[in-house]
Every structure is written in C-alpha cells, then in structure tokens.
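# Here you go, sequence then predicted model.
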Amino acid sequence: MPLFGLLLGLVLISACMPKGQTRKPSEPPYFASLRPDEAWGRRGPSYDQPVLWEYRRRGLPLLVIDETPFWRQILDHEGDKVWMHKSLLSLRATVMVVSAQPAPLFRAAGDDQTVSAYAAPFAVLRLVQCLGDRCLVKKDNIRGWAEKQTLWGVEIPAPITG
C-alpha cells in the first residue's frame, strides 16, 4: 500500500507541472524566453542595481550566459548584456526573425521550396524543432520551416561557446 501512495504522488506531481517547458540545462549558455510582457534588465544581479534596459516583448528569446541562484545574466539579439531575476524567464523555446526582409516559412524541412507563409522581421515565434538548416516554427495557427540563419534563439553564438 505505501508503494501505491508513492506512485500516486508522483503521478499527481507530474500532472501539475507546467506544460511546454523543458528541464533547465545544467549550466549556461542556454536559451530562455521572457515570461512577462515587461521586464527590466539590470546592471548587476540585485534589485539595488540600476535598470539598463526595459524589455517589452513576452516570449523574446534571450541567451543566458551566467547565473547566480536567483539571477541570470542574459544576452539579447543585439548583443546587450543585463541581469534579470530568474522569475522573469521561461524555458519555453522561442525564436525571433532577425532578417531584414520577411522570412519565408517553407512547407517542409528538406529542399522543398514551397512557401506557405512569411514571418515579419522581429516576429517572435514558438520553436518546435530543427532538422538540418531549417526549424519548424509556429505562431497561432501558422506553421512552417524557417532557415536557421534567419532566426535568433536556435544556435549559441560562437564567441559565447568558445
């Protein structure tokens, strides 16, 4: 009977966990996304530090490059570094279109050149998966495969990795 109670407890715990999130990577760098509609980026890991940036884009992909128990240093798509409280970040995978022109969304991951939609520059999209040089992204009821080089939030920049 105690084993049944333990199993029931584990099932209830897993059922209550938020959907659509992945486990936190063991150490930086890793991508996260902005949880609220507005968040402040600070000079250092403390509420006493001055605000350097105000971000106003829920889902904005951010690269976590350093961390303390409660704070994360992030790098945004423009190369700015700030600190944010960990409660402001989500592990939900998102990307942002960083090409100057609308990015074509293809119907297939391979060499298929059939375009099903276009994503506007700076659009924030949900990342589903990547295969080869394309990533499956979605926004509302639109899905398509975007070229990796048009997206921020997929690959860790080279200077950060080495």
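Thanks, I have it. Note that the structure is predicted; figures quoted are calculated from it, not measured.
# all contacts plus neighbour counts: C-alpha atoms, from now on.
Fine.
# partners of residue 96 in the sheet?
Taking DSSP bridges as the rule, residue 96 bridges to residue 124, residue 152.
# What pLDDT does the model give it?
Residue 96 carries a pLDDT score of 98 in this model.
# my read: it touches residue 154, true?
No - using CA atoms under 8 Å, residue 96 is not in contact with residue 154, being 9.2 Å away.
# Where does pLDDT dip in the protein?
Under the criterion pLDDT under 70, the flagged ranges of the chain are 1-25, 161-162.
# just the helices in it please.
Ranges of helices in the chain, per DSSP state H, are 2-16, 158-161.
# picking up where we left off before, who's more crowded, residue 96 and residue 154?
More crowded of residue 96 and residue 154, by other CA atoms under 10 Å: residue 96, with 24 against 21.
# Hmm, residue 42 and residue 84 touching each other?
Yes - with contact defined as CA under 8 Å, residue 84 and residue 42 form a contacting pair (6.4 Å).
# So which of those two has more stuff around it?
Ranked by neighbour count (other CA under 10 Å), residue 84 and residue 42 place residue 84 first, with 26 against 21.
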